[in-house]
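1. No letters, just coordinates:
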Ligand code: AMP
């Protein structure tokens with residue numbers, strides 16, 4: 001029988017406030033176990049404060065699934081978050097992002113990219129030449145969805161990351177997300193740091209130059225963070241871009257090439 005693929009998405013909240021989310025793509029026979037694992041994760045989030053869990057299971061059109069390689073990983077250790085921002089700026093500039101767009105993206109994530117300095121649920125889209133914001137909805141942003149590691153390669157990828165000391169589930173999730181983002185039409189680079197006050201590592205991802213982790217890229221204790229997708233407007237079309245990010249299913253394969261970590265002292 002031909003494989004039947006499903007997308008599984010989980011969202012956990014408390015009193016209407018988003019707590020955690022995760023998603024997977026799997027073959028039909030694996031979906032019940034994957035659902036149980038995501039429900040378990042939702043219900044044990046930070047001591048069990050979850051009061052609502054939504055799981056959506058949706059059959060995918062197997063012919064629509066796109067395949068791609070997970071990006072290679074480089075980790076940079078820097079003195080402090082200010083140095084991290086300078087390194088991020090350099091990497092973005094090397095990818096072809098203008099000085100104005102680098103400054104605009106860093107400032108927006110630093111101050112909270114949503115209306116009134118709030119965190120967005122999704123990502124900003126920024127013109128890599130002018131720094132102008134392009135996403136259709138500045139409160140929500142663009143949400144990347146429908147992506148996962150090819151199931152038969154997942155264990156190997158997790159083991160490879162763990163051997164390099166990168167076994168935090170955030171690393172794999174961000175790597176998968178970046179793997180999809182880097183295939184988007186018109187994408188020049190991605191910049192991200194978390195809104196989690198304790199998770200200080202962020203990254204810059206670029207087609208051809210992989211996923212470059214920078215620690216620290218944010219100040220300890222800050223609840224501000226987000227994502228910026230920097231695009232080349234000449235090769236970018238809003239609807240095509242959003243459809244790709246939000247709807248096109250994508251499975252990423254390994255192995256992940258992990259370079260030895262480096263220190264960066266400007
Ligand atoms: P996180 O790394 O999960 O802490 O997310 C950092 C920021 O990235 C969030 O504040 C959102 O603005 C954005 N973000 C999280 N998940 C997604 C997603 N699936 N697609 C686009 N942006 C996202």
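-> Yep, it's here. These numbers come from a predicted model, not from an experiment.
2. interface residues of the stretch 51-200 of the chain facing the ligand?
-> Residues of the stretch 51-200 of the chain lying near the ligand by C-beta under 6 Å from any ligand atom: 119-123, 143-144, 177, 192, 194-196. All C-beta atoms are positioned from the backbone trio N, CA, C, and that covers glycine.
3. Could I have the buried ones of those as PyMOL selection syntax?
-> To isolate the buried members of those in PyMOL, using 16 or more other C-beta atoms under 10 Å:
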select buried, resi 119+120+122+123+144+177+192+194+195
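4. Dump the residues of the stretch 51-200 of the chain next to the ligand into CSV; add pLDDT and secondary structure as well.
-> Formatted as CSV, those follow (pLDDT from 0 to 100; DSSP: H, G, I helix; E, B strand; the rest coil):
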residue, pLDDT, secondary structure
119, 91, coil
120, 94, coil
121, 90, coil
122, 96, coil
123, 98, strand
143, 97, coil
144, 98, coil
177, 98, helix
192, 98, strand
194, 95, coil
195, 92, coil
196, 91, coil
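5. what residues are up against the closest residue to the ligand within the stretch 101-250 of the chain?
-> As assessed by C-beta to the nearest ligand atom, the ligand sits closest to residue 194 within the stretch 101-250 of the chain, at 3.3 Å. Counting by C-beta atoms under 8 Å, 6 or more residues apart in numbering, residue 194 touches 170, 201-202, 218, 225.
6. possible to save these as TSV with neighbour count, secondary structure and pLDDT?
-> Converted to TSV, the contacts of residue 194 look like this (neighbours: other C-beta atoms under 10 Å; DSSP: H, G, I helix; E, B strand; the rest coil; pLDDT from 0 to 100):
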residue	neighbour count	secondary structure	pLDDT
170	12	helix	90
201	22	coil	97
202	25	strand	98
218	25	coil	97
225	22	coil	96
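7. Pick out the most distant pair among these.
-> Using C-beta to C-beta, those span at most 13.4 Å, a distance reached by 170 and 218.
8. between the contacts of residue 194, which is closest to residue 235?
-> Relative to residue 235, the closest of those is residue 202; by C-beta to C-beta it sits at 25.6 Å.
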